[in-house]
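Asks: Need a 3D model of the sequence below.
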Amino acid sequence: MDNLKKLLSFESDVEVVGTALSAEVAIDLVRRLTPDVVLMDANLPGVDGIKATQVIASEPPHTPVILMSVQGDRDYVRRATQAGAKEFLVKPFSGDELAAALRRVNQLEKLKRAPLTVPVMAPALTGGDGPSTDGERRGSGQIVLVFSGKGGIGKSMLALNLAAAMARDLEGTTALVDFDLQFGDLGVMLGLDASRNIYQVVEAFPNVDIDFINALMPEAPGGLRVLLGPPSPEFADLVTAEHTRAVLQILQGAYDHIVVDTDSHLGEVTLEAIERAGQIVVLADLSLPAVKEARLALRVFNRLGINSERIKLVLNRADVSAGITAAQIESSLEIKVAAKLPTDAKTVQKATQRADAFVTLSPNVEISQRVRELAVSLVPLHAAEEARAAQTGRKAGFWSRQSAG
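Replies: Here you go, the predicted structure:
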């Protein structure tokens, strides 16, 4: 405690207004003093710092908390973030690191509470090879959203490969957006520079347009452009439904296909993206927890008035023997399975090692074929016919006649 006060005594813009040796005292002081930022140790007697952070973050005025601990593994950081911590410091840290964290969290909190206004769309530009900026097609791009209520079953991998399949097999331009704001992995999976990301939209808002957003979107293998999530979990809360709406609206005016990866939590950003999506892919596997989460998600979508025709249920690792069948899942969820993805660890691992999509590296293996077929089924009929024709070597009209028969 004394060491921290000594470190902060050298910072002219930082004032320590209170100290506490237990979580209970800390919570009481925060309620009475309403500080700008709370610096919380995770290891406290009695109630620990994570539980205290949860209490402080949940009560108005929702004072931001920086949690510090000697433990710095990913699971512990995730617990801290889920409790509401805005930043996590691993001991030991320097005075400069501590001061920088305090200033950063305070600045982000001020930015978060600043009033938002309607985004300003820049005048449309014409020409060039990239995404269209023609005002006549504003809002015409189709959004495909990938959701799973259970983490760790391949949601981001599916979103990445759906986007890559669209970029490969369909006419037009494709964008991939990472709205898994706390723990999105698309940048790592594709080996992309994460210095350009959606947080810069927050900083510039409302003065954002397609040129600004395109400048934040590196090109991934296969030609698709990617808008990455924030660089650190504590920035996630700064991305709001207003930002989400603006970003998707702008991208719809420039890209033909937009694939959105989402958080497993149905927060305001995910719900806003769901409202704007033309098609929603719900991913599950042959496990009871995944099926349970899929059922809850479908129930929420029904309450939101989302037409069931917009929802596609996909089973990952559908060939694994798990005591439950695809037919039983269809009966339980009252929805047909749109695609069954086989287990193919070798193909997926190869793609991961090369920071690419498996539909690009191995387009003809079974898992890639199933994802490519799913991608085609998610687009409007005329585009799907052209894509199927390209995959089979037939003309679109011939495919159309054969299907109609």
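
Asks: pLDDT averaged over stretch 110-128 - what is it?
Replies: Mean pLDDT, computed over stretch 110-128, is 45.

Asks: Surely residue 315 forms part of a strand?
Replies: Yes - looking at residue 315 with DSSP: H, G, I helix; E, B strand; the rest coil, it is inside a strand.

Asks: is it in a bridge, and if so with what?
Replies: Under the criterion DSSP bridges, residue 315 forms beta bridges with residue 284, residue 340.

Asks: My guess is it contacts residue 342. True?
Replies: No - counting by CB atoms under 8 Å, residue 342 is not a contact partner of residue 315; they are 9.9 Å apart. To be clear about C-beta, it is placed using only N, CA and C from the backbone, and glycine gets the same treatment.

Asks: More neighbours: which of these two?
Replies: Higher neighbour count among residue 315 and residue 342: residue 315, with 24 against 16, using other CB atoms under 10 Å.

Asks: Next one: the more buried one from residue 265, what distance?
Replies: 22 Å (CB to CB, to the nearest Å).

Asks: Where do the domain boundaries of the protein fall?
Replies: 2-99, 135-404 (automatic domain parsing).

Asks: Please work out the average pLDDT along the shortest one.
Replies: Computed over domain 2-99, the mean pLDDT rounds to 87.

Asks: How far off centre is it?
Replies: When distances are taken as CA atoms, centre = their mean, to the nearest Å, domain 2-99 is centred 27 Å away from the chain's centroid.

Asks: Could you do stretch 98-110 as well?
Replies: So, by CA atoms, centre = their mean, the centroid of stretch 98-110 is 24 Å from its chain's centroid.

Asks: Sort out which residues of that stretch are buried, please.
Replies: 98, 99, 101, 102, 104, 105, 106, 108, 109 (16 or more other CB atoms under 10 Å).

Asks: contact partners of it?
Replies: Residues outside stretch 98-110 that contact it (CB atoms under 8 Å, 6 or more residues apart in numbering): 4, 7-8, 11, 13-14, 36-37, 39, 64, 66, 86-87, 89, 234-235, 238.

Asks: are any of those residues buried, and which?
Replies: 7-8, 14, 37, 39, 64, 66, 86-87, 89, 234-235, 238.

Asks: Identify, from those residues, the entry nearest to residue 146.
Replies: residue 235 (21.8 Å; CB to CB).

Asks: Assess the claim that residue 308 and residue 336 are in contact.
Replies: No - counting by CB under 8 Å, residue 308 stays clear of residue 336, with 9.9 Å between them.

Asks: Filter the buried ones among the contacts of stretch 98-110 down to the ones in helices?
Replies: Members of the buried ones among the contacts of stretch 98-110 lying in helices (criterion: DSSP state H): 7, 8.

Asks: Using JSON lines, lay out the buried ones among the contacts of stretch 98-110 together with distance to residue 301.
Replies: JSON lines is the format used below for the buried ones among the contacts of stretch 98-110 (distance: CB to CB, whole Å):
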{"residue": "7", "distance to residue 301": "50"}
{"residue": "8", "distance to residue 301": "48"}
{"residue": "14", "distance to residue 301": "47"}
{"residue": "37", "distance to residue 301": "38"}
{"residue": "39", "distance to residue 301": "41"}
{"residue": "64", "distance to residue 301": "33"}
{"residue": "66", "distance to residue 301": "37"}
{"residue": "86", "distance to residue 301": "31"}
{"residue": "87", "distance to residue 301": "34"}
{"residue": "89", "distance to residue 301": "39"}
{"residue": "234", "distance to residue 301": "30"}
{"residue": "235", "distance to residue 301": "28"}
{"residue": "238", "distance to residue 301": "27"}
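
Asks: For residue 181, state which of the buried ones among the contacts of stretch 98-110 is nearest.
Replies: Looking across these and measuring by CB to CB, the closest to residue 181 is residue 235, at 7.6 Å.

Asks: Now for the closest one: which residues touch it?
Replies: 108, 181, 199, 202.

Asks: any idea whether residue 280 is helix, strand or coil?
Replies: Under three-state DSSP, residue 280 comes out as strand.

Asks: what about residue 75, how many neighbours?
Replies: For residue 75, using other CB under 10 Å, the count is 8.

Asks: which residues touch it?
Replies: Neighbours of residue 75 in contact, by CB under 8 Å, 6+ apart: none.

Asks: Tell me the buried residues in stretch 143-152?
Replies: Quick answer for stretch 143-152 (16+ other CB under 10 Å): 143, 144, 145, 146, 147, 148, 149, 150, 151.

Asks: Repeat that for stretch 222-240.
Replies: So stretch 222-240, judged by 16+ other CB under 10 Å, has buried residues 222, 224-230, 232-240.

Asks: Export that stretch to CSV, keeping only CA atoms.
Replies: These are the backbone C-alpha positions of stretch 222-240, laid out as CSV (Å, rounded to 0.1, in the frame of the first residue of the first chain):
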residue,chain,number,x,y,z
GLY,A,222,-8.0,-14.6,-50.3
GLY,A,223,-8.8,-11.0,-50.8
LEU,A,224,-11.3,-10.3,-48.0
ARG,A,225,-10.9,-7.3,-45.8
VAL,A,226,-11.1,-7.6,-42.0
LEU,A,227,-12.1,-5.1,-39.3
LEU,A,228,-10.5,-6.3,-36.1
GLY,A,229,-11.8,-5.9,-32.6
PRO,A,230,-10.2,-3.7,-29.9
PRO,A,231,-6.6,-4.4,-28.9
SER,A,232,-7.4,-5.2,-25.3
PRO,A,233,-10.5,-6.4,-23.4
GLU,A,234,-10.9,-3.2,-21.4
PHE,A,235,-11.7,-1.3,-24.6
ALA,A,236,-14.7,-3.5,-25.4
ASP,A,237,-17.2,-1.5,-23.3
LEU,A,238,-16.4,1.6,-25.4
VAL,A,239,-17.9,0.0,-28.5
THR,A,240,-21.6,0.7,-28.3
